[in-house]
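Peer 1: sequence below, structure please.
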Amino acid sequence: MTDPHDALRLPPKGAHAAPGDPAPRGGCPFNAGADPTPPAPPSESTPLQHHDAQLDFSADMSYGDYLHLDAVLNAQHPLSPDHNEMLFIVQHQTSELWMKLMLHELRAAIAAIARDDLHQAFKMLARVSKIMEQLVHAWDVLATMTPPEYSAIRPYLANSSGFQSWQYRCIEFSLGNKNKVMLAPHAHRPDLLAHVETAYRSPSLYDEALRLLARRGLEVPATHTQRDWTQPYAADDGVEAAWLTVYRAPQAHWDLYQLGEELTDLEDAFRLWRFRHVTTVERVIGFKRGTGGTGGVSYLRKMLDTVLFPEIWRLRTEL
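Peer 2: Numbering: from 1, shown residues only. Reported below is the predicted structural model:
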């Protein structure tokens, strides 16, 4: 009987094919009948294809066109010969982009609360908190820069400092941390000063939240709903009492209760950002003065004591 596996066996080593036998194929025996000739390459007239994706953008807008990547990716201009300066630049530029989005969402959230549209405001405030989380983790990357690496680029920074970021100042003002002195670093740029002054003179996020509580019939002192918006916020027992009314009966004031928790989430994330900032600075430069002239770590540690929405934190002791 013929062994059915004989057809799968290769000829013995050293054996020669008999005249008229097919040429040995080698390799996998299941490749019988396959054409050993490689496929011809596509001609120049054959259009390129890849899973039906569009590949020709000579007449259409591409990804890079839409995002203006030529401008974005050519905006890094190191001043020193040191390799690590690129990290320092990209870290701060990406943070400014995130702050641009944060301001976009914060301004819209403040406007939504002012018109009693809390559903929209909640979505925007949640997004702001997530942006803050991105900024917190960004410090992890900058922390890979060691003190000698930073020392190599520091002379090239001159007096430039994140302290002078006009977007960051708008964020601080929009969250209620008002300080007229902080307008001065932007006086040389009237176009930027106009943005910072607008945030400085407008009701903050917390101001609009308190005005909303008053419109809902809660007893918020008039001193905190009709005041000079340029002045720093001062905590008030009457405001805390209004928030306590909300927190003691959350089902009766559910959207206001949710607003209070959105504000808590936001300040929680902001505190983490401040802490990671001071920790990273201490790790990289120790207790040297900042390039902008501040005390560096000593200044940043003072900022840790800033409380944006004090009554929302204080009321937890009373519940």
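Peer 1: helix, strand, or coil at D228?
Peer 2: coil (DSSP: H, G, I helix; E, B strand; the rest coil).
Peer 1: next, count neighbours for the closest residue to L205 other than its chain neighbours.
Peer 2: With CB to CB, 6 or more residues apart in numbering as the criterion, L205 has its nearest non-adjacent residue at 5.3 Å, and that residue is I110. Where C-beta positions appear, they are placed from N, C-alpha and C, glycine not excepted. I110: 23 surrounding residues under other CB atoms under 10 Å.
Peer 1: any idea how far I110 lies from D207?
Peer 2: I110 sits 9 Å away from D207, going by CB to CB, to the nearest Å.
Peer 1: same deal with E240?
Peer 2: E240 sits 16 Å away from D207, going by CB to CB.
Peer 1: ok, the residue nearest to L205 to Y233 distance?
Peer 2: Distance, I110 to Y233, using CB to CB: 14 Å.
Peer 1: what does Q164 give?
Peer 2: For Q164, the distance to Y233 - CB to CB - is 24 Å.
Peer 1: looking at the two, which is more packed in?
Peer 2: Per other CB under 10 Å, whichever of Q164 and Y233 has more neighbours is Y233, with 22 against 16.
Peer 1: so which other helices or strands are in contact with the lowest-mean-pLDDT helix or strand in the chain?
Peer 2: Taking mean pLDDT, DSSP states H and E as the measure, helix 297-303 is the helix or strand of the chain with the lowest mean score, a mean of 82. Contact analysis of helix 297-303 by 3 or more CB pairs under 8 Å, 6 or more residues apart in numbering; DSSP states H and E lists helix 254-285 as its packing neighbours.
Peer 1: helices or strands next to the helix it packs on in the packing?
Peer 2: helix 118-142, helix 147-157, helix 205-215, helix 237-248, helix 297-303, helix 310-318.
Peer 1: that one: which residues count as buried?
Peer 2: By 16 or more other CB atoms under 10 Å, the buried positions in helix 254-285 come out as 256-260, 262-263, 265-267, 269-278, 280-281, 283-285.
Peer 1: repeat that for stretch 222-232.
Peer 2: Buried-residue list, stretch 222-232, by 16+ other CB under 10 Å: 224-225, 229.
Peer 1: any weak-confidence spans in this protein?
Peer 2: 1-45 (pLDDT under 70).
Peer 1: can you rerun that using 80?
Peer 2: 1-47, 285, 287-296, 299 (pLDDT under 80).
Peer 1: is it true that L79 touches Y156?
Peer 2: Yes: with contact defined as CB atoms under 8 Å, L79 counts as touching Y156 (4.1 Å).
Peer 1: please enumerate the shared neighbours of these two.
Peer 2: Common contacts of L79 and Y156 (CB atoms under 8 Å, 6 or more residues apart in numbering): E85.
Peer 1: need the buried residues of stretch 222-232 in a markdown table with distance to I89, can you?
Peer 2: Output for these, formatted as a markdown table (distance: CB to CB, whole Å):
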| residue | distance to I89 |
| --- | --- |
| H224 | 42 |
| T225 | 44 |
| W229 | 35 |
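Peer 1: closest to R115 out of the residues you listed?
Peer 2: Distance to R115 across the buried residues of stretch 222-232 (CB to CB) is lowest for T225, with 16.0 Å.
Peer 1: mind listing what that closest one touches?
Peer 2: 207, 210-211, 214.
Peer 1: residue ranges of the helices in the stretch 1-150 of the chain, please?
Peer 2: In the stretch 1-150 of the chain, the helices defined using DSSP state H, counting those that start in this stretch lie at 63-67, 69-73, 85-114, 118-142, 147-157.
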